[in-house]
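> The sequence isn't on hand, but the structure is:
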């Protein structure tokens with residue numbers, strides 16, 4: 001990314017306008033295209049963006065979850081510090097409406113080697129779509 005890019009971790013939460021991210025191109029750590037961002041999932045405890053869904057492929061499109069930790073926001077694309085290989089090997093997740101099951105959340109966090117702790121609610125789910 002260019003010098004004009006900004007890390008979401010460095011930006012105050014009030015500056016994250018995730019609605020503006022929808023439809024933006026997402027690229028991996030090597031600049032390879034991952035796809036267009038579809039939806040953002042936030043942590044329900046702090047409302048911080050955790051994952052995005054990316055639409056891949058032209059035929060037989062499917063959604064893939066990509067972690068947003070360390071994202072760099074550029075004028076033309078959002079760059080994540082992981083490889084396309086890691087994204088392609090992520091677990092296939094079936095949504096129940098807009099929600100993931102607690103088991104699917106755990107699988108995503110563990111695949112990307114992120115710390116996962118269920119929250120103290122009836123559903124135990126950490127993520128919500130914004």
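Yep, it's here. Bear in mind the structure is a predicted one, so any value in this text is a computation, not a measurement. Numbering: from 1, shown residues only.
> can you pull the pLDDT of the closest residue to residue 25 other than its chain neighbours?
Nearest non-adjacent residue to residue 25, counting by C-beta to C-beta, 6 or more residues apart in numbering: residue 77, 4.4 Å away. (C-beta placed from N, C-alpha, C; glycine too.) Here, the pLDDT recorded for residue 77 equals 94.
> Number of residues surrounding residue 77?
The number of residues packed near residue 77 is 17, by other C-beta atoms under 10 Å.
> if I look at it, how far off is residue 34?
Using C-beta to C-beta, to the nearest Å, residue 77 is found at 9 Å from residue 34.
> Residues that sit against both of those two, list them.
26-27 (C-beta atoms under 8 Å, 6 or more residues apart in numbering).
> circling back to that earlier point, what sits against the residue nearest to residue 25?
The contact partners of residue 77, by C-beta under 8 Å, 6+ apart, come to 1, 24-27.
> Of these, which is the most crowded?
residue 26 (25 neighbours).
> what's the helix or strand for that one?
Residue 26 belongs to strand 25-27 when assigned by DSSP states H and E.
> Report all helices and strands that that strand contacts.
Applying 3 or more C-beta pairs under 8 Å, 6 or more residues apart in numbering; DSSP states H and E, we find strand 25-27 packed against strand 33-43, strand 77-79.
> If we use 10 Å, what do you get?
strand 33-43, strand 49-56, strand 77-79 (3 or more C-beta pairs under 10 Å, 6 or more residues apart in numbering; DSSP states H and E).
> Out of those, flag the one nearest residue 111.
Closest to residue 111 of the helices and strands packed on strand 25-27 is strand 49-56 (C-beta to C-beta; 10.9 Å).
> Point to the helix or strand of the protein where mean pLDDT is at its lowest.
strand 6-7 (a mean of 50; mean pLDDT, DSSP states H and E).
> do you know how far the nearest residue to residue 128 once chain neighbours are set aside is from residue 26?
Closest residue in space to residue 128, ignoring its immediate chain neighbours: residue 44 at 5.1 Å, by C-beta to C-beta, 6+ apart. Between residue 44 and residue 26 the computed distance is 23 Å (C-beta to C-beta).
> ditto for residue 92
18 Å.
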